[in-house]
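Student: no letters, just coordinates:
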């Protein structure tokens, strides 16, 4: 086994590891849409598109404080 074969096996192993890691991370993002507080932060991703002064807020804010 020369160095070129060793590099090819290492490259293949690295690509497989990165692909599995990427798909695992994507699965983690979409399976855990809410954090521990119950807030779904995916709704905030639309803020960059709808940032005009006339647009409706992403989340309504209440003046009443929760106790």
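Tutor: Alright, I've got the coordinates. Predicted model only: the values in this text are computed from it and were never measured. Numbers count the residues shown, from 1 in each chain.

Student: how about the contacts made by residue 19?
Tutor: Residue 19 sits next to no residue when contact means C-beta atoms under 8 Å, 6 or more residues apart in numbering. All C-beta spots, glycine's among them, are computed from the backbone N, C-alpha and C.

Student: part of a helix, is it?
Tutor: Yes: assessed with DSSP: H, G, I helix; E, B strand; the rest coil, residue 19 lies in a helix.

Student: could you measure from it over to residue 7?
Tutor: 19 Å (C-beta to C-beta, to the nearest Å).

Student: over to residue 54?
Tutor: Taking C-beta to C-beta, one finds residue 54 at 58 Å from residue 7.

Student: compare the two (neighbour count), which wins?
Tutor: For residue 54 versus residue 7, the count of surrounding residues by other C-beta atoms under 10 Å is larger for residue 7: 10 against 5.

Student: mind checking the SS state of that one?
Tutor: Assignment for residue 7 (three-state DSSP): helix.

Student: how about residue 54?
Tutor: Under three-state DSSP, residue 54 comes out as coil.

Student: okay, it: pLDDT?
Tutor: As summarised for this prediction, residue 54 has a pLDDT of 83.

Student: how about residue 13?
Tutor: 98.

Student: neighbours of it, how many?
Tutor: Residue 13, neighbours per other C-beta under 10 Å, totals 10.
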